[in-house]
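3D, please:
(2 chains)
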Amino acid sequence: MSNVTCKLSGLEKSFGRNHVLRGIDLELRAGKVTALMGANGAGKSTLVKVLCGYHFADAGEIELAGAPFKPLDAADAISKGVVTVHQSIDDGVIPDLDVATNLTLDLLTEPGADFFVNDRKLRRQARKVAESMGLSMDVRTRVADLEVADRQMIAIARAMARSPKLLILDEPTSSLSASEADRLFALIDRLRAEGVAVLYISHRMSDIRRVADRIVSMRDGAISGLFETEPLDYVGAVNAMLGHQMTEVDIDPVTGGDPILEVDRVRLFENGPQIELTAREGEVVALTGLLGSGTTELAEVLFGLAKPAGGSLRLDGKAYTPKSAEDAVSKGVFMSPKDRSVNAVVPDFDIANNMTLPFLGAFSRFSFLSERGQRRAADEMIGKIGIVCQGNSDGINTLSGGNQQKVMIGRWLLQASRVLLLDEPFQGVDIGARRDIGHYIRQTAKGRTTLVFVAEIDEALEIADRIVVMHEAAIVGEYINKNVDLNRLVADVSGPANGQGQREAATQAMAV
Amino acid sequence: MNTGTMNKTPLELAIRYGFLVLLGGLALFFSLYASGFASPRSAVFILQSVAITGILALGVTCTLVVGGFDLSIGSVATSALMLSAYSMVVLEQSAFVAVVLCLVMGAVVGLINGFLIVKMRVPDLLATLGMMFLLIGLQRIPTQGNSIATGMSLGDGGVAEGTFSAAFLWLGRHRFDLFLDRLLPVPVVVFLLIALLIWLFLGYTRHGRLMYAIGSNERAAELVGTNVQRYKIVAYMISGMLASVGGILLAARLGRGDIASGNNLLLDSVAAALIGFAVLGAARPNAFGTAAGALFVGILLQGLTMMNAPYYMQDFVKGAVLVAALVFTFYLSSRRGGRRTA
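Next comes the predicted model:
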C-alpha cells in the first residue's frame, strides 16, 4: 500500500443554508490516480475549491504529507504542493504570450527576480521543462496558436514546474479529441510513475477506465462509494454516484398518440452514430446519459442552436429545419435550457417579466405592453406551478433556486407548444420543487410531446413515460417506465464495456 | 401585493427619490439666490441649452439599454452639421434634401456600427471609437478642413453660391408662442417629443422590454427566441439617427457649417445618460433619467452662470456631478441588494 499524500477528514462546507459538503473523509495516495465522480451539484467542485484554496472549509481537517494543510489562498495552496488544472484551459495559460514565457512565468513573479527579462535564459529553461514533459513544439510559439491539447499540456507543465505533491485535474478531457486525450493519459501515466498523487475529476467512463486506480463517487455532498479493489466496479461507481432509491412517484406510463417529432438518422457529429427517435403526442420522454453522452447536443439540434452533421427532423410529418431559437419557437418548439443563471434568467427583471419574456407579443397591442395582462398571466402560473414568493413583482434573484426554475419552466407553459424540450430542468432544485415541476409537466403533457434531458436516473424515473439512454452520441437503450430493470439501465448509462471491469476490454472499448 | 411600495427603508427612499429631491432643491436654491433665474424665459433658456445634448443622450441611452455603448454620436452630429451645410451651400439643395441626407447618413453610420459590433464582433467601445475617428476625418475632406459658409471659395476656384434656406433655419431659430410671445424654440419641442417617444418605446413596448432583456442577459434573450442581432443593430441606428437630428438642429441654430462646434457634444450627452442611471433608483439606462440628467446639468450651469461663476468652471462641475451620480447608482444600489424592477 502506497503512502497517503493527502488525507481529508470530516470536511464540511455550507453556503448559506445550502449544505454542500457534509463530512468528507478521503485519502489520496502517492502514485495513484483517484477518479472522482459525481453528478452536477454533488459537491465535486466545492471540494476541489477547498483543496486549492478558493474556499475555507467550515469544519474538518486536511493533512498534506503528514502536516496539517490550511491554504490561505490559491497561491498558498500551490506553494505547499497542491496544484490544480481547471476545466477551462485558458485559466491556466496566458494565450497571448509565447510558450517560453508561459512555462517560466512563475520565475518572473518570484521574489528577487531580475528586473530585466533575459529571453535567452528563459527560453533555455522553458525548453528544459518542455522536454521533460515530452513536448516538442517551438517555445517561441504563441500559446493561442497551439491546439487545445498542447495548450492543456502547457497548463499542466506549468503546474508540474512546481513539483506538486497532489495534482488535481478538473474535467481535463472535456475539450480534447480522442488522440489528444491519449497524449494526456500518457502524461498522467508518467506522473503516476513519479509518485504524484492525482485527483482526476470526470464524467467520462472511457477516461476513468483508462486512467483510474481508484474511484470515489460523490452524491449530495458526501462520499457515496469508494472502489479500489481490482477489477474496479465501474457500474457500482456509477450507481453510487447517481443513486436510485425507489421513487415515491408512481407513474402509469402512456404510450402516446400520433408522432409529433421524428428524428431520422441524425448524427451529432461527422461520422458519429445515427440517432432514431420518435416522440409522440401526450408522452414524456426522458433522455438520460452521462455528461458528454450527447443529450445536450441533441437538445441543441432540436432547438435550432446547432446543425446536425447528418439526417433529418420532421415535425408533425413535415420537414423541420430550425435555423435559430427564434425559428424553433415560431414553429412551436420550446426549450428551457440548462444552467438557468447563464441561459435563462434575466436578472434585472421581476417574476412577471421573466415569465412572459418569450410571449411579449401576446401581451401587447400595437407593440404596447399590457402590464396587467402580464401580471395576470404570471399570477395564474405562480398558482398553478406553486412558486413561493410575495408577489409577481419580486425580483427574480430574491427567489430560491427551485422557485427560479419554476419561473423558467412556467415561462414555456404559458402558451401551447408542439414540442417542449427541458434540458436539466431539475438542476440546482430542491426535492420539493422537483416534485412540483415534474407533476405539473405530466399534468399538462396532453397536446404536445415533451422531451426531458436529465443526467440523473432518479429524475428520469420521476417524470417520464419512456426513458431513452444515450452513450457517446448514440441511443443505447430504451425502457418503458414500469418496473424498469435498474441494473440494466445503469449498465447502459455507463457504457457498453459494462460490469467486467477488465482493463483490456475497457481500453478496447475506449479505442472504438 | 407589491412589496416595492411598502416598508421602504430610508436607504431605499434615498436611492429612489434622492436625485429628484436634489434637482428640485437646486432649482429652489437658484430661484432664491440668482435673480432672474425663476422666470419662463430662463427656464426655456435652460431647456434650449440642453436640447441638443439631450437628444444625443437619448440615442446613446438606447445603446446602453442593449448593453452597448456609442462613442460616435458626437462625430455623427458634427458630420450631420457639415453635411447639411455642404448640401445647401455647395450643392444648393433644399432644406428637405439636406434633412433627409443627414438622417440617412445617421442611419447608415448606425448600421455600420451595429454591423461591426454584431457581425464582425468588434467590442462596442472600440468599434464606435473607430467610427468616431473616421467621421471626424471624413467631414473635413470635402472642404479641405474649412468651415462652410455662403461665399466661401471652393477647391476648383469658384465660390459657393448656395445659402441656408429659411425653412432650415426655422428648425433652429423659430420660437412658438406659449403664454408669452416667441417663447418655445423648435429644438426644445423636438427634444421633448423625442424624449416622450423614447420613454414610451423603451418602457412600454415589447421591443423596449426585449432590449432591456438583451442588456441584462443576452444569452437568455436569444434562447427565448429574440433576434438579438437585429435589436442591437436597430439600437445603434436609433442612436445614429438621433445624433444626426442633433447635428441638424445645431446647424440650423448656427446658420453655418462650423468645423469647430460640437466638440463637447459626446462627453455632455454620455454624462447625461449616465447621470440618468441614478434617477428614481433605476440603476440602469432609462429615457426619463436621461432627460432629467440633461436637465440637471443645464440647471446647474445656468444657475452658476447667473451667480457669476466663471465659464471655465463648467466642465469641472459636470464632471463632479457625473462622478457623484455614478457613486450614487452603483455603490448605494449594491448595498440595497436584490434589485427591484420596472
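
which residues of the stretch 151-300 of chain B fall in strands?
Applying DSSP state E, counting those that start in this stretch to the stretch 151-300 of chain B gives strands spanning B:175-178, B:180-185.

Contacts for the longest one, please.
What that stands for is strand B:180-185. B:40-41, B:44, B:48, B:51, B:172-178 (CB atoms under 8 Å, 6 or more residues apart in numbering or on different chains). C-beta: built from backbone N, CA, C; applies to glycine.

before we move on, back to that, for the strands of the stretch 151-300 of chain B, give me JSON lines that also has distance to A:Thr356.
Listed next are the strands of the stretch 151-300 of chain B as JSON lines, based on distance: least, CB to CB, whole Å:
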{"stretch": "strand B:175-178", "distance to A:Thr356": "41"}
{"stretch": "strand B:180-185", "distance to A:Thr356": "40"}
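
would you list the ones you listed in TSV and tack on mean pLDDT?
As requested, the strands of the stretch 151-300 of chain B are exported to TSV (pLDDT from 0 to 100):
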stretch	mean pLDDT
strand B:175-178	86
strand B:180-185	84
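
Point out the most buried one among those.
Among these, the stretch with the highest mean neighbour count (mean count of other CB atoms under 10 Å in any protein chain shown) is strand B:180-185, at a mean of 14.

Within the sheet, what are the partner strands of that strand, with directions?
Sheet pairing for strand B:180-185, assigned by DSSP bridges, gives strand B:175-178 (antiparallel).

quick one: the partner strand to chain centroid distance?
Its chain's average C-alpha position is 23 Å from that of strand B:175-178, according to CA atoms, centre = their mean, to the nearest Å.

Any idea which of the strands of the stretch 151-300 of chain B gets closest to B:Leu202?
strand B:180-185 (25.2 Å; CB to CB).

Output the closest one in CSV with nothing but the alpha carbons.
What follows is strand B:180-185, C-alpha atoms only, in CSV (Å, rounded to 0.1, in the frame of the first residue of the first chain):
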residue,chain,number,x,y,z
LEU,B,180,-45.5,84.6,-23.9
ASP,B,181,-44.7,85.7,-27.4
ARG,B,182,-42.0,83.7,-29.1
LEU,B,183,-41.2,81.6,-26.1
LEU,B,184,-40.6,78.0,-27.1
PRO,B,185,-37.8,77.2,-29.6
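
any idea how far the residue nearest in space to the middle of chain A is from A:Arg204?
Compute the mean C-alpha point of chain A, and by CA atoms, centre = their mean the closest residue is A:Leu291, 5.4 Å away. Distance, A:Leu291 to A:Arg204, by CB to CB, to the nearest Å: 8 Å.

cool, and B:Asp177?
Distance from B:Asp177 to A:Arg204, by CB to CB: 79 Å.

Check A:Gly401 too.
From A:Gly401 to A:Arg204 the distance is 27 Å (CB to CB).

So between these two, which is more surrounded?
A:Arg204 (22 against 16; other CB atoms under 10 Å in any protein chain shown).

unless I'm mixing things up, the more buried one is touching A:Leu176, no?
No. Taking contacts as CB atoms under 8 Å, A:Arg204 lies outside contact range of A:Leu176: 10.3 Å.

does A:Val238 count as helix, strand or coil?
helix (DSSP: H, G, I helix; E, B strand; the rest coil).

That one: what's its closest spatial neighbour, skipping adjacent residues?
Distances taken as CB to CB, 6 or more residues apart in numbering or on different chains place A:Ser494 nearest to A:Val238, at 4.2 Å, with adjacent residues excluded.

cool, and B:Phe179?
Leaving aside its sequence neighbours, B:Phe179 sits nearest to B:Pro40 (CB to CB, 6+ apart; 7.0 Å).

got the contact list for the residue of the stretch 51-200 of chain B at minimum distance from chain A?
The nearest approach of the stretch 51-200 of chain B to chain A comes at B:Leu200, 7.8 Å away (CB to the nearest CB). By CB under 8 Å, 6+ apart, the contact set of B:Leu200 is A:Phe368.

one more time with 6 Å
Under the criterion of CB atoms under 6 Å, 6 or more residues apart in numbering or on different chains, B:Leu200 has no contact partners.

Which pLDDT value belongs to it?
Confidence at B:Leu200, expressed as pLDDT, is 96.

B:Leu56 belongs to a helix, doesn't it?
Yes. Counting by three-state DSSP, B:Leu56 is part of a helix.

Up against chain B, what does chain A have?
Counting by CB under 6 Å from any CB of the partner chain, the residues of chain A lying close to chain B are A:325-326, A:329, A:337, A:343-344, A:346-350, A:357-358, A:360, A:364, A:367-369, A:390-391, A:393, A:395, A:397-398.

What does the residue of chain B most remote from its centre show for phi and psi?
In chain B, the residue that sits farthest from the middle, by CA atoms, centre = their mean, is B:Gly157; the gap is 38.7 Å. With angles defined as degrees, to the nearest 10, B:Gly157 sits at phi 100, psi -20.

repeat for A:Phe334
phi -110, psi 150.

Share the number of residues neighbouring it, please.
Neighbour count for A:Phe334, taken as other CB under 10 Å: 26.

so who does it touch?
Neighbours of A:Phe334 in contact, by CB under 6 Å, 6+ apart: A:412, A:417, A:420.

try 10 Å
Shown in contact with A:Phe334 (CB atoms under 10 Å, 6 or more residues apart in numbering or on different chains): A:303, A:325, A:328, A:358, A:411-422, A:448, A:450, B:224-225.

mind checking pLDDT for A:Arg503?
So A:Arg503 comes in at 34 (pLDDT).

any idea what the residue of the stretch 201-350 of chain A found nearest chain B is structurally, helix, strand or coil?
Nearest to chain B in the stretch 201-350 of chain A, going by CB to the nearest CB, is A:Val329, at a distance of 3.4 Å. Using three-state DSSP, the three-state assignment for A:Val329 comes out as helix.
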